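Visitor: I would like to see how this sequence folds:
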Amino acid sequence: MTTTAPSTSRATPGRPPRIAVVGVHGHGASHVRRVLELQRAGEAALGAVVDPREPGPGHDAHDAAPWFPTLGDLLSTPGHEVDVVVLSTPIPTHLPLARAAMEAGLDVLLEKPTTASLAEHAELVAVAERTGRRCQVGFQTFGSQAVPAAAAMVAAGEIGEVVGLGAVGTWVRDAAYWARAPWAGRRHLDGRDVVDGVVTNPLAHAVATTLLLGGATRTEDVAWVDTDLYRAHPVEADDTSSVRVVGADGRRYGFGLTLCAPRRSPARVLVLGTRGELEYFYEDDRLRLRSGRVTVEKTYGRTSLLDDLLAARTDPRRELACDVRATGAFMRVLEAVRTAPDPTPVPEDRFEWRGDGDGRHAVVHDVERWCEQAARTQQTFAELGAPWTA
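Guide: Residues are numbered from 1 along each chain as shown. Just a heads-up that it's a prediction; the model follows:
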């Protein structure tokens, strides 16, 4: 068993931990805002911001902390030590940046997906174990109180025997989304894996959370993965996919995921039992129990993964909500997507275009129904006979 190392001499007793946010544009801006909230509460301090583009006027990070163009610049500059690094950067940079931070004695909050391949994930786990640093991965649902509540309901037999789990994600992504960055919608870029498709990035929470509810978190918890990948948009990666996972314990998981729905619907995780089912709407931590004629619904709280990481720094016995090791099962799915054949184009007569300009997006015919079936039956689109698979 690996023991987490105590904080290095960078941290001074009684002083709030200093946090650097790497990647402050796009989603990273939300991390800056959260750190500033903690700073106002006296619980942390924004020690630095790192991005090739300096945050200008109007950005929350502007003049809020010293700016550095690269993490290397920050780590090599005397007098600007930090304790924690939040990484909200392109997928191919996750391993090298997290490795550099942990080898410098820092704890890390790393945005999902963990890495671009299963081999990189294994290397990152090895770095965490060798350095003794903490590496939290940004699957926010791992901090939701709805997850242990669902587990308790299943253990109490509220839905009978579990016969399968699944997730339904029917979202919309338009041309602006696919143009947001050079790596968007790519499987590879400049000779490196990217794997920016529906399964591994926008709806990665659906996959990771379903596996978590089924008790599959580590790499060895997954026996095999079947993928069935498609794309309607003119991108390399998949935007409409079904996946079947079989756990080492024989438990089956089905995923029906698309970015080509007619409208955005709340993503749902399903736990299917012999006497009922649980629906977990993970975006708002809402849990719905259906058992017989009874339907009960409750919304739960959620602990920020940054807050959880900071709490773990003060208590060596506390486990991270989403330790890098606990993303191994998800990485088995990512690896299957990464090594699968390129996604099959959806035939032109099986989808339509809606909207104009940056808002233009593809809508696959009847895709919501097929995603539901894939999740509930743990069958792929091809096995179900979805019309675009013929």
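Visitor: C-alpha from now on. contacts and neighbour counts both.
Guide: Noted.
Visitor: what residues of stretch 122-132 count as buried?
Guide: Using 16 or more other CA atoms under 10 Å as the test for burial, stretch 122-132 gives 122, 124-125, 127-129, 131-132.
Visitor: no wait, stretch 328-343
Guide: Buried residues in stretch 328-343 (16+ other CA under 10 Å): 328-338, 343.
Visitor: among those, which two are most distant?
Guide: Gly328 and Pro343 (23.5 Å; CA to CA).
Visitor: what about the buried residues of stretch 328-343, which are in helices?
Guide: Among those, DSSP state H puts 328-338 in helices.
Visitor: adding pLDDT, write the buried residues of stretch 328-343 out as CSV.
Guide: Output for the buried residues of stretch 328-343, formatted as CSV (pLDDT from 0 to 100):
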residue, pLDDT
Gly328, 98
Ala329, 98
Phe330, 98
Met331, 98
Arg332, 98
Val333, 98
Leu334, 98
Glu335, 98
Ala336, 98
Val337, 98
Arg338, 97
Pro343, 98
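Visitor: out of those, which is nearest to Asp249?
Guide: Among the buried residues of stretch 328-343, Ala329 lies closest to Asp249 (CA to CA), at 12.9 Å.
Visitor: check contacts around the closest one.
Guide: Residues counted as contacts of Ala329 (CA atoms under 8 Å, 6 or more residues apart in numbering) are 208, 211, 216-222.
Visitor: same thing with Gln145?
Guide: Contacts for Gln145 (CA under 8 Å, 6+ apart) come out as 285, 300-303.
Visitor: all the strands of the stretch 1-150 of the chain, residue numbers only.
Guide: Ranges of strands within the stretch 1-150 of the chain are 18-22, 45-50, 67-68, 84-87, 107-110, 135-137, based on DSSP state E, counting those that start in this stretch.
Visitor: what would the contacts of Ala329 look like in TSV with secondary structure and pLDDT?
Guide: Shown next, in TSV, are the contacts of Ala329 (DSSP: H, G, I helix; E, B strand; the rest coil; pLDDT from 0 to 100):
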residue	secondary structure	pLDDT
Ala208	helix	98
Leu211	helix	98
Ala216	coil	98
Thr217	coil	98
Arg218	coil	98
Thr219	helix	97
Glu220	helix	98
Asp221	helix	98
Val222	strand	98
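Visitor: buried subset of those?
Guide: Among these, those buried by neighbour count (16+ other CA under 10 Å) are 208, 211, 216-219, 221-222.
Visitor: save those residues as a markdown table, and put in distance to Gly42 too.
Guide: Output for these, formatted as a markdown table (distance: CA to CA, whole Å):
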| residue | distance to Gly42 |
| --- | --- |
| Ala208 | 33 |
| Leu211 | 36 |
| Ala216 | 37 |
| Thr217 | 34 |
| Arg218 | 36 |
| Thr219 | 38 |
| Asp221 | 40 |
| Val222 | 42 |
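Visitor: looking at those, spot the one nearest Ser265.
Guide: Using CA to CA, Ala208 comes nearest to Ser265 of these, at 18.6 Å.
Visitor: hmm, Gly328 and the closest one touching each other?
Guide: No: assessed by CA atoms under 8 Å, Ala208 is found out of contact with Gly328, at 9.5 Å.
Visitor: now for the two: what residues contact both?
Guide: Among the neighbours of Ala208, those also in contact with Gly328 (CA under 8 Å, 6+ apart) are Thr217.
Visitor: could you list the domains of the protein?
Guide: As recorded under automatic domain parsing, the domains making up the chain are 18-137, 145-301+324-389.
Visitor: which stretch among these comes nearest Asp307?
Guide: Taking CA to CA, domain 18-137 is the member of the domains of the chain nearest to Asp307, at 8.8 Å.
Visitor: now that closest one, how far from the centre of its chain.
Guide: Offset of domain 18-137 from its chain centre (CA atoms, centre = their mean, to the nearest Å): 16 Å.
Visitor: now do stretch 254-262
Guide: Here the centre of mass of C-alpha atoms in stretch 254-262, compared against the chain's by CA atoms, centre = their mean, lies 16 Å away.
Visitor: any idea which element Gly166 lies in?
Guide: Per DSSP states H and E, Gly166 falls inside strand 162-170.
Visitor: CA atoms of that strand as PDB?
Guide: Below are the C-alpha coordinates for strand 162-170, written out as PDB (Å, rounded to 0.1, in the frame of the first residue of the first chain):
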ATOM      1  CA  VAL A 162     -29.300  -5.800 -10.100                       C
ATOM      2  CA  VAL A 163     -29.500  -7.200 -13.700                       C
ATOM      3  CA  GLY A 164     -27.600  -4.500 -15.500                       C
ATOM      4  CA  LEU A 165     -26.600  -0.800 -15.500                       C
ATOM      5  CA  GLY A 166     -26.600   1.700 -18.300                       C
ATOM      6  CA  ALA A 167     -26.400   5.400 -19.200                       C
ATOM      7  CA  VAL A 168     -28.300   7.500 -21.600                       C
ATOM      8  CA  GLY A 169     -26.800  10.800 -22.900                       C
ATOM      9  CA  THR A 170     -28.600  12.700 -25.700                       C
END
